[in-house]
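Chemist: using only what follows, build the 3D model:
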Amino acid sequence: MAALTEKHTKSELSKINQKNIVAARIKVGSKRVSIDTNDNKWEVIQKGTISDNKLKKILERADLYNVRGRATSKTSKVVTSVKAAKIRNMERVVFILIVR
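Modeler: Below you'll find the predicted structure:
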């Protein structure tokens, strides 16, 4: 563990403290357990059937990228064949108007 002296700044003390916490966790075999937010859990979260405190605890331990992926919209912009035909037709009309 790192030694503390009075010459350390606040940020240095914070870094030393964090190193000491990590060292103590390694010593006792403690590790952070991540909570998996599967489809069922996410559906419960979206319905609002859990308390705010429970939600906060889940989000603190959940995989951030997984939560962001589920929280953001998944709308993809796909051009259907009908829309593509309409676009081609509009391009032809514009081309004809420009050429004349």
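
Chemist: what segments of this structure are helices?
Modeler: Shown for the chain, the helices assigned by DSSP state H span residues 10-28, 39-47, 52-61, 64-71, 81-99.

Chemist: now do the shortest one: distance to the chain's middle.
Modeler: Pointing back at helix 64-71 there. In this view, helix 64-71 has its centroid 4 Å away from the chain centroid, taken as Cα atoms, centre = their mean, to the nearest Å.

Chemist: can you give me the buried ones in that helix?
Modeler: 67, 70 (16 or more other Cβ atoms under 10 Å). In this view, the C-beta of every residue, glycine as well, is placed from N, C-alpha and C.

Chemist: got a list of what the residue nearest to V33 when sequence neighbours are not counted touches?
Modeler: Leaving aside its sequence neighbours, V33 sits nearest to R61 (Cβ to Cβ, 6 or more residues apart in numbering; 6.8 Å). By Cβ atoms under 8 Å, 6 or more residues apart in numbering, the contact set of R61 is 32-35.

Chemist: and of those, the nearest to I21?
Modeler: R32 (11.3 Å; Cβ to Cβ).

Chemist: just for this structure, where's the confidence low?
Modeler: Within the chain, the segments meeting pLDDT under 70 span 1-6, 76, 99-100.

Chemist: name the residue closest to the centre of this protein, please.
Modeler: In the chain, the C-alpha closest to the average C-alpha coordinate belongs to R68, at a distance of 2.9 Å (Cα atoms, centre = their mean).
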